[in-house]
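K.L.:
Quick one, what's the 3D model for this:
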Amino acid sequence: MDVSVVAIVFGALGLVVGLAAVLAFQFSKPRDTTGDVGPAVPDGISEVLAVLPSAAIVVDAGIDVVKASPAAYSFGLVKAHAVTHSRLDEAARVVQASGLIEEFDVEVPRHAGNRYRSLHVRVAPLGSYYVLILCDDFTEARRVEEIRRDFVANVSHELKTPVGAISLLSEAIAGSPDDADAVRRFSGKIAQESSRLTALVQEIIDLSRLQDTAGADDEPVDARDVMSEAAARCRFAADGKDVRLRIEPGDTYCVRGSRELLITAVKNLIDNAVAYSPEHTVVDLWMTGDGDTVRLSVTDQGIGLADEETERIFERFYRVDTARSRSTGGTGLGLSIVKHVAMSHGGSVRVKSAPGAGSTFTLVLPLDAGASPAPDDASNDVPDDVPASATRYPNEG
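P.N.:
Have a look, this model is predicted:
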């Protein structure tokens, strides 16, 4: 073979091998993806997210999470680098494509139970590459608004009933002015409905006052003075049914808070006991302490409550027997007020009852250790019927 031909062949082979080596080296180098990465997240965004009251999430063009606040993780909105809720993911993609702000409400499940968290969501572009998701928790605000709507509806209904009755009774009197018996009968009914209307308005005022002033009064209060004054305010109603209010003598306990609100709470318990007690029976009032709390208890010999009723009786406007409540002038607010007074004083209210066996309601309050409340003149208004000892009702709690 000609030497020149051999040289050409080997030269070509060398060129091919060289090109292959160059290509292999190039492909073996790590790919430079700098051109595929978006702009850096603005400085300080982590600090801003940490102090925002909202749950906040920053996602990139691929809707991968690059920053998220602790609240976002706490609400379960973010897991690893992904947005867990489909509605938020969808909104982020829409905003990324359109550049327009999205705003909506959504409910997301809580970590435990069947309850949901209500969120108001705002999704907005953050520059040209990122998207910001802000979620405000308005679960409590929604609950309060629902309570307010229910309260207004219930109050309207309760006010309408006595007002309508008074109107009809007034027309009846106008139609029979010469019938003295009818006038007396209808006048008595008007007085009864007026009293019920007055009681309802007063209890609404009490609830409003409780919400406005809860925690405002913080003074030592003699618990026995509270019980004695509450009993004195119930004497007229008790005498009308020949129900004996029997206060058990004992130690004096001191609590902190509003004397007037505490009297209102105990008075409501006594009023309730008197209203649901048969005539010629006894309502026992007594208190005990255990070093940390004092328990003010009211025990009646009334109709008692079933277990399912004891779970609801502290709800606003709930009444065990609507017909009986109307005859006794009940409004369904008294025990709700007791519950709110107890909570505002760091305490609670309990009930122990059984159908046909009466009920014991107990207001539990934290003691104010070491305080010495000044005696009030009203503390002397103890009902005349105070025996040397008082028999507690068998189902006391």
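K.L.:
use CA for all of it now, contacts and neighbours both
P.N.:
OK.
K.L.:
What's the end-to-end length of stretch 207-222?
P.N.:
Taking Cα to Cα, to the nearest Å, stretch 207-222 runs 23 Å from one end to the other.
K.L.:
Give the rounded mean pLDDT of it.
P.N.:
Mean pLDDT, stretch 207-222: 69.
K.L.:
May I see the buried residues of the longest strand along the chain?
P.N.:
The single longest strand within the chain, with elements called by DSSP state E, is strand 116-126. Neighbour-count burial for strand 116-126 flags Ser118, Leu119, His120, Val121, Arg122, Val123, Ala124, Pro125, Leu126 (criterion: 16 or more other Cα atoms under 10 Å).
K.L.:
and which of those residues is nearest Phe236?
P.N.:
Ser118 (49.1 Å; Cα to Cα).
K.L.:
Just the pLDDT for that closest one.
P.N.:
Confidence at Ser118, expressed as pLDDT, is 92.
K.L.:
Next up, the contacts around it.
P.N.:
Under the criterion of Cα atoms under 8 Å, 6 or more residues apart in numbering, the contact list for Ser118 reads Asp105, Val106, Glu107, Val108, Asp137, Phe138, Thr139, Arg142.
K.L.:
so which of those is the most crowded?
P.N.:
In terms of neighbour count, Asp137 stands highest of those at 20 neighbours, by other Cα atoms under 10 Å.
K.L.:
for that residue, phi and psi?
P.N.:
phi -80, psi 110 (degrees, to the nearest 10).
K.L.:
what about the stretch 251-397 of the chain, any weak spots by pLDDT?
P.N.:
Across the stretch 251-397 of the chain, the ranges flagged by pLDDT under 70 are 317-332, 369-397.
K.L.:
ok, back up a step: and the longest strand of the chain, which strands flank it?
P.N.:
If you go by DSSP bridges, strand 116-126 pairs up with strand 102-109 (antiparallel), strand 130-137 (antiparallel).
K.L.:
farthest pair in the contacts of Ser118?
P.N.:
Greatest spacing in these, by Cα to Cα: Val108 and Arg142 (14.3 Å).
K.L.:
if we can go back for a sec, would you list the buried residues of strand 116-126 in JSON lines and tack on distance to Arg224?
P.N.:
As requested, the buried residues of strand 116-126 are exported to JSON lines (distance: Cα to Cα, whole Å):
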{"residue": "Ser118", "distance to Arg224": "45"}
{"residue": "Leu119", "distance to Arg224": "47"}
{"residue": "His120", "distance to Arg224": "49"}
{"residue": "Val121", "distance to Arg224": "53"}
{"residue": "Arg122", "distance to Arg224": "55"}
{"residue": "Val123", "distance to Arg224": "58"}
{"residue": "Ala124", "distance to Arg224": "61"}
{"residue": "Pro125", "distance to Arg224": "64"}
{"residue": "Leu126", "distance to Arg224": "64"}
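K.L.:
Give me the spatial nearest neighbour of Tyr276, chain neighbours excluded.
P.N.:
With sequence-adjacent residues excluded and distances taken as Cα to Cα, 6 or more residues apart in numbering, Tyr276 is closest to Gly302, at 5.3 Å.
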